[in-house]
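Peer 1: need coordinates for the following:
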Amino acid sequence: MATAEENNQLSLDDRLFTVRRKPLKTSHISLDEHLCKECLNRICTYICPAEVYVWDGAKNEIEVKYENCLECGACRVACEAIEWTNPPWGTGIAYKNS
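Peer 2: Below is the predicted model:
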C-alpha cells in the first residue's frame with residue numbers, strides 16, 4: 001500500500017485508476033447554463049478533486065466530464081448551478097482498495 005507521501009506524487013490519472021467504474025450512459029450531473037455563464041469564479045473547476053468541470057473559453061461554457069466523477073458531492077455544496085444526483089444503482093464508482 002502506498003504511503004501518503006507517495007499518493008501526493010501520483011498523477012490524477014493514477015489516482016483515478018484506484019476506482020472501478022460501471023459506466024453511465026448519461027450524465028448524472030446537469031448545469032444551469034445561465035448561472036454558469038454569469039459565474040465569475042468558476043469554483044467548480046477547482047473544487048472538484050477529479051477535474052470533472054473544465055472551463056472552455058472558446059465555447060464560453062463548462063465542459064462536464066461526468067465519467068471522472070468520484071461522487072464526493074463537493075461540487076453540489078460549492079455551486080448552486082450544479083444539479084447532481086446519485087447514479088442509478090449498480091453504476092458509478094467502487095473503490096478498489098476498500
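
Peer 1: so where do the strands sit in this structure?
Peer 2: The residue ranges that make up the strands of the chain, judged by DSSP state E, are 19-22, 29-31, 53-56, 61-64, 82-84, 92-95.

Peer 1: and of those, who's closest to C75?
Peer 2: Closest to C75 of the strands of the chain is strand 82-84 (C-beta to C-beta; 5.0 Å). In short, each C-beta sits where N, CA and C put it, glycine included.

Peer 1: off-centre distance for that closest one?
Peer 2: Put simply, strand 82-84 sits 11 Å off its chain's centre (C-alpha atoms, centre = their mean, to the nearest Å).

Peer 1: that one pairs with which strands, and in what direction?
Peer 2: Using DSSP bridges, the strands paired with strand 82-84 are strand 29-31 (antiparallel).

Peer 1: tell me the spacing between E67 and E83.
Peer 2: Counting by C-beta to C-beta, to the nearest Å, the gap between E67 and E83 amounts to 17 Å.

Peer 1: try C39
Peer 2: From C39 over to E83 (counting by C-beta to C-beta), the distance is 15 Å.

Peer 1: and T91, how many residues sit next to it?
Peer 2: The number of residues packed near T91 is 13, by other C-beta atoms under 10 Å.

Peer 1: pretty sure it contacts K22?
Peer 2: Yes - T91 is in contact with K22 according to C-beta atoms under 8 Å; the separation is 4.7 Å.

Peer 1: returning to what we had before: nearest to R76, of the strands of the chain?
Peer 2: strand 82-84 (4.2 Å).

Peer 1: what segments of the chain are helices?
Peer 2: Applying DSSP state H to the chain gives helices spanning 4-8, 12-16, 33-38, 44-47, 74-78.

Peer 1: could you pull out the buried residues of the last one?
Peer 2: Translated: helix 74-78. A74, C75 (16 or more other C-beta atoms under 10 Å).
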